[in-house]
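In: structure of the sequence below:
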Amino acid sequence: MLSDELRDFLKEHRFAVLATINPDGTPQQSAVWYELRDDTIIMNTRAGRVKERNLLRDPRVSFCVVDGYRALTLVGSATLDYEPATSQATIRALAILNHGAEKGTKIADETYAKQKRLNIQMTIEKAIPYGF
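Out: The predicted structure follows:
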């Protein structure tokens, strides 16, 4: 579904906005770190956040990455993975990706290792590119 150009765009260092659906139908948005793995967007969050509760009730999501006049919106559904080893490995990898090896490892060890975390795995159903 994703062209090589869109894959390359997603692999560059950027933040994304994940939108979930609140119980009243309004959108809830969160800035997130992410990684493209094959055809899946992987994110991680601390357990207990609004996006987790929303996804347990309704797995539909929208995900948007913006860079200047280019943007990519992905639409799909998400599953949650609560396996501690997997979720800790993912947040460590994301911290290193976003902060570099030294700082990312320190943040992962001093902060994230003490938290109950989970992975959000987004299956991409539709890609909407702008400005490509």
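In: okay, CA-based contacts and neighbour counts for the rest of this
Out: OK.
In: low-confidence ranges in the chain?
Out: Scanning the chain for pLDDT under 70 picks out no residues.
In: tell me where it has strands.
Out: With strands called from DSSP state E, the chain shows them at 16-21, 27-32, 35-37, 40-46, 60-67, 70-81, 117-130.
In: partners of the fourth one, with directions?
Out: Partners of strand 40-46 in the sheet, by DSSP bridges, are strand 35-37 (antiparallel), strand 117-130 (antiparallel).
In: buried set for the last one?
Out: Residues of strand 117-130 classed as buried by neighbour count (16 or more other C-alpha atoms under 10 Å): 117-124, 127, 129.
In: ok, the shortest one next?
Out: Residues of strand 35-37 classed as buried by neighbour count (16+ other C-alpha under 10 Å): 35-36.
In: show residues contacting it.
Out: By C-alpha atoms under 8 Å, 6 or more residues apart in numbering, the list of residues contacting strand 35-37 from outside reads 7, 10-11, 41-43, 94.
In: most distant residue from the centre of the protein?
Out: The outermost residue of the chain relative to its centre, with distances by C-alpha atoms, centre = their mean, is D24 at 23.0 Å.
In: re the thing from before, got JSON lines for the strands paired with strand 40-46, with distance to F63 too?
Out: Below are these laid out as JSON lines (distance: least, C-alpha to C-alpha, whole Å):
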{"stretch": "strand 35-37", "distance to F63": "12"}
{"stretch": "strand 117-130", "distance to F63": "9"}
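In: so which of those strands comes closest to P59?
Out: Evaluated over the strands paired with strand 40-46, closeness to P59 peaks at strand 117-130, with 9.1 Å, by C-alpha to C-alpha.
In: need the residues that contact that closest one.
Out: Identification of contacts with strand 117-130 by C-alpha under 8 Å, 6+ apart yields 1-2, 6, 39-47, 61, 69-84, 86-88, 90.
In: S77 touches V61, doesn't it?
Out: Yes. With contact defined as C-alpha atoms under 8 Å, S77 reaches V61; the gap is 5.4 Å.
In: who has more neighbours, these two?
Out: Taking other C-alpha atoms under 10 Å, S77 and V61 do not tie; V61 has more neighbours (23 against 18).
In: identify the bridge partners of the more buried one.
Out: For V61, the beta-bridge partners are G76 (DSSP bridges).
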